[in-house]
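Enquirer: okay, predicted coordinates and the sequence, questions at the end:
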Amino acid sequence: MRKLKNILVTGGAGFIGCNFIHYLFGLSNSGTDLFEDAGFDGRVINVDCLTYAGNLESLKDVEEKFGVSSCGENARYFFEKVDICDRAQIERIFKQYDIDTVIHFAAESHVDRSILGPEAFMKTNVMGTFTLLDVARNYWGISLDNQRDDVLFHHISTDEVYGSLGETGYFLETTSYDPRSPYSSSKASSDHIVMAYYHTYGLPITLSNCTNNYGPFQFPEKLLPLMISNIKDGKNLPVYGKGDNIRDWIYVEDHNRGVWQIVKNSPAGEKWNLGGENEWQNIRLLNEVIDLASKELGKDAEEVRKTITYVKDRPGHDKRYAIDCTKAKTRLGWERKMTFEQGLLATIRWYLSHGEWIANIQSGAYKDWISKNYTEQGR
Ligand code: NAD
Ligand code: TYD
């Protein structure tokens, strides 16, 4: 029986990780009542080194309700500004908090950045994952002769490890890996290392590969937050190539509920595909966003459409991603709750009503916010 008492969440200050922490503590950002309580009563230790993508401002409500600064000895949320490659610090954290579960989101995650500077991707995604696995194995005292079922290492991965699809077909859990970008190849490497720790040492692991997430708190260099804030600001809307690449979109809380179901119920050693079954060609999706956002902003959609700018394509731009998630639906009983219609509108409204959150990122002030509040908490 898994303990699920002291959960180390890596990358909890990033997009999906911070939504996951909100979800665990019963705080939904969807603006709907679709999301049931996770039923979690343990502690979360968020380990994040706060790269450009890490933003503690996204977690200030969690800190206020569950953190040390407000709850003292009864705190259930802890933040540790630590790099996952720093073995000594990771060892200290396992010991200090008696970690029994790892949910590993931390990564360098943006394909365009991986093309410009691949090294950080190899360090964090490959060596960082290796460091966490190795510390977990040692701390939990696991070997093939000493198996445990009360601890778990869950690794978050992406559909991009499977490569690029043509017009038809879907990625299955058994599809061979064929990554094309420095980002996806570093994630593929980490997936292999995770599986190697299961087969070689018997480390209880689970792994999930998900499609493109959308929702609140995504860094505004990614397609949807970028387009929504550019529409608001009257800036150009850059479309790579012909805009005919296809992505499958899932609402972030649906992804996170799937992760939690895996962590609670999946046998060790299993790999799960999670997806939205919701494919959109980029240009079609952008036109949809223009229609919805223009209406919210009282702008003329046809005028906004004129700001679409076709720009040079991303090198090695994967054509299509699409996932078959039958396994998670049938064997875990996982289901998505958010329709794309609802989710897209909720997301657009969230970004339009959180102008300060975006402005703080665009101006770099979120880093000042972090140092000010972090120091004030006396840490
Ligand atoms: P993100 O870039 O928004 O957040 C990553 C977080 O990790 C940041 O807070 C960053 O500070 C932290 N981090 C980076 N390097 C670190 C290091 N060396 N040590 C400690 N912390 C570090 O990413 P995201 O979109 O939230 O993605 C989270 C995970 O989900 C990643 O593993 C990614 O590959 C995977 N994923 C993302 C998507 C998506 O659509 N965004 C889809 C499928 C899978
Ligand atoms: P992105 O959000 O970067 O996610 P990923 O590359 O991981 O799928 O991009 C989603 C799609 O949108 C991808 O096909 C690239 C495209 N795109 C643009 O056309 N313009 C942009 O400015 C960005 C950021 C992405």
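Expert: The structure has been received and is ready for your questions. Residues are numbered from 1 along each chain as shown. Ligands and ions are numbered 1, 2, ... in the order given.

Enquirer: residues contacting the closest residue to ligand 1 within the chain?
Expert: The nearest approach of the chain to ligand 1 comes at residue 14, 1.9 Å away (CB to the nearest ligand atom). Glycine gets a C-beta too; all of them are placed from N, C-alpha and C. Under the criterion of CB atoms under 8 Å, 6 or more residues apart in numbering, the neighbours of residue 14 are 48, 53-55, 105-106, 109, 219.

Enquirer: select from these the one having the most neighbours.
Expert: residue 106 (29 neighbours; other CB atoms under 10 Å).

Enquirer: what number of residues lie near residue 187?
Expert: Residue 187: 29 neighbours (other CB under 10 Å).

Enquirer: what's the average pLDDT for the helix or strand where it lies?
Expert: If you go by DSSP states H and E, residue 187 is part of helix 182-201. Averaged across helix 182-201, the pLDDT comes to 98.

Enquirer: how close does the residue of the chain closest to ligand 1 get to residue 276?
Expert: From residue 14 across to residue 276, the span is 20 Å (CB to CB, to the nearest Å).

Enquirer: check residue 119 too.
Expert: Taken as CB to CB, the span from residue 119 to residue 276 is 32 Å.

Enquirer: more neighbours, these two?
Expert: residue 276 (25 against 10).

Enquirer: ok, and the closest non-adjacent residue to that one?
Expert: residue 250 (3.4 Å; CB to CB, 6 or more residues apart in numbering).

Enquirer: hang on, the earlier thing: in the helix holding residue 187, what's buried?
Expert: 182-191, 193-195, 197-198, 201 (16 or more other CB atoms under 10 Å).

Enquirer: out of those residues, which are close to ligand 2?
Expert: The subset of the buried residues of helix 182-201 lying close to ligand 2, counting by CB under 6 Å from any ligand atom, is empty.

Enquirer: report how many residues lie close to residue 89.
Expert: 18.

Enquirer: now do it against residue 128, distance only.
Expert: 12 Å.

Enquirer: list the residues that contact the residue nearest to residue 106 when sequence neighbours are not counted.
Expert: Spatial nearest neighbour of residue 106, chain neighbours left out: residue 11 (3.1 Å); criterion: CB to CB, 6+ apart. With contacts defined as CB under 8 Å, 6+ apart, residue 11 is in contact with 17, 47-48, 54, 104-107.

Enquirer: if we go to 7 Å?
Expert: When contacts are counted by CB atoms under 7 Å, 6 or more residues apart in numbering, residue 11 touches 17, 48, 105-107.

Enquirer: and what of residue 163?
Expert: Counted by CB under 7 Å, 6+ apart, residue 163 has contacts 178-180, 318.

Enquirer: mind redoing it with 8 Å?
Expert: 177-180, 184, 318.

Enquirer: any idea how far it is from residue 171?
Expert: 8 Å.

Enquirer: ditto for residue 96
Expert: 39 Å.

Enquirer: comparing these two, which residue is more hemmed in?
Expert: Using other CB under 10 Å as the criterion, residue 96 and residue 171 rank with residue 171 on top: 25 against 12.

Enquirer: right, and that one touches residue 273 too?
Expert: Yes: with contacts counted by CB atoms under 8 Å, residue 171 reaches residue 273, the gap being 6.5 Å.

Enquirer: between residue 89 and residue 128, which contacts overlap?
Expert: The contact lists of residue 89 and residue 128 share residue 83, where a contact means CB under 8 Å, 6+ apart.

Enquirer: contacts only, for the residue lying closest to residue 234 once chain neighbours are set aside.
Expert: Once flanking residues are discounted, residue 234 sits nearest to residue 307: 7.2 Å by CB to CB, 6+ apart. For residue 307, the contact set (CB under 8 Å, 6+ apart) comprises 230-231, 234-237.

Enquirer: measure residue 307 to ligand 2 for me?
Expert: Distance of residue 307 to ligand 2, given as CB to the nearest ligand atom, to the nearest Å: 13 Å.

Enquirer: cool, residue 4 as well?
Expert: From residue 4 to ligand 2 the distance is 30 Å (CB to the nearest ligand atom).

Enquirer: repeat for residue 27
Expert: Applying CB to the nearest ligand atom to residue 27 and ligand 2 gives a distance of 25 Å.

Enquirer: buried stuff in stretch 126-139?
Expert: Buried, per 16+ other CB under 10 Å, within stretch 126-139: 126-137, 139.

Enquirer: surely residue 102 is within a helix?
Expert: No: using DSSP: H, G, I helix; E, B strand; the rest coil, the secondary structure at residue 102 is strand, not a helix.

Enquirer: just checking, it touches residue 12?
Expert: No: checked against CB under 8 Å, the pair residue 102 and residue 12 is beyond contact range at 11.8 Å.

Enquirer: with neighbour numbers in mind, choose between these two.
Expert: residue 12 (31 against 25).

Enquirer: ok, for the more buried one, nearest residue in space, not its chain neighbours?
Expert: Nearest to residue 12 is residue 46, by CB to CB, 6+ apart, at 3.4 Å.

Enquirer: what count of nearby residues applies to the one you found?
Expert: 29.
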